[in-house]
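**Q** Prediction below, plus the sequence it came from.
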Amino acid sequence: MAERALRGTRLGATSYENDRNTDLAPRQEVTYDCTRGHRFSVTFATEAEIPIEWECRFCGDRARRRDGTGEEPKNAKPVRTHWDMLLERRSMEDLEEVLAERLALLRARRREEAAKVEELAKQRQSA
């Protein structure tokens with residue numbers, strides 16, 4: 001019996017409910033103005049928190065609420081880069097000294113590798 005009831009339908013693909021006797025949430029339209037001059041409206045529920053900025057439907061730029069109400073975005077702390085944090089711990093003289101040491105180590109390693117390559121080349125020529 002159950003097989004006959006489901007014959008010819010796709011489960012989950014189509015809803016057989018209708019909007020009769022249902023109350024939709026109260027809504028409001030908010031208008032946004034884009035920096036490029038576009039104007040559009042977005043529908044929100046009345047109890048929803050309405051954002052100050054919204055992505056423009058036409059160009060993807062930031063658009064601000066037309067009425068201009070609402071909180072301004074909080075100013076975030078400026079991003080500290082690795083260099084900024086390094087300068088908090090060391091002076092420029094210290095950094096130059098460390099750089100000179102590291103360059104000396106790198107050059108010594110390269111000289112050793114070059115000597116090994118030359119030695120291998122001589123061994124191959126003599127063989």
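**A** Yep, that arrived.

**Q** Could you list the domains of this protein?
**A** Here the domain parsing of the chain from the TED database is 27-65, 89-126.

**Q** can I get those in CSV with mean pLDDT and mean neighbour count?
**A** C-beta coordinates here come from the backbone N, C-alpha and C atoms, glycine included. Formatted as CSV, the domains of the chain follow (pLDDT from 0 to 100; neighbours: other C-beta atoms under 10 Å):
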stretch, mean pLDDT, mean neighbour count
domain 27-65, 90, 13
domain 89-126, 94, 10
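
**Q** Dump those to CSV, plus distance to Pro78.
**A** Below are the domains of the chain laid out as CSV (distance: least, C-beta to C-beta, whole Å):
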stretch, distance to Pro78
domain 27-65, 20
domain 89-126, 18
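
**Q** The ones you listed: which one's closest to Arg20?
**A** Closest to Arg20 of the domains of the chain, according to C-beta to C-beta: domain 27-65, at 19.0 Å.

**Q** Can you give me the end-to-end span of that closest one?
**A** 17 Å (C-alpha to C-alpha, to the nearest Å).

**Q** out of the domains of the chain, which comes closest to Asn21?
**A** Asn21 sits nearest to domain 27-65 of all the domains of the chain, at 18.7 Å, using C-beta to C-beta.

**Q** now Arg66: how far from Val79?
**A** Distance of Arg66 to Val79, given as C-beta to C-beta, to the nearest Å: 32 Å.

**Q** cool, Ala104 as well?
**A** For Ala104 relative to Val79 (C-beta to C-beta), the value is 33 Å.

**Q** Show me where this protein has its helices.
**A** Ranges of helices in the chain, per DSSP state H, are 2-6, 82-89, 92-126.
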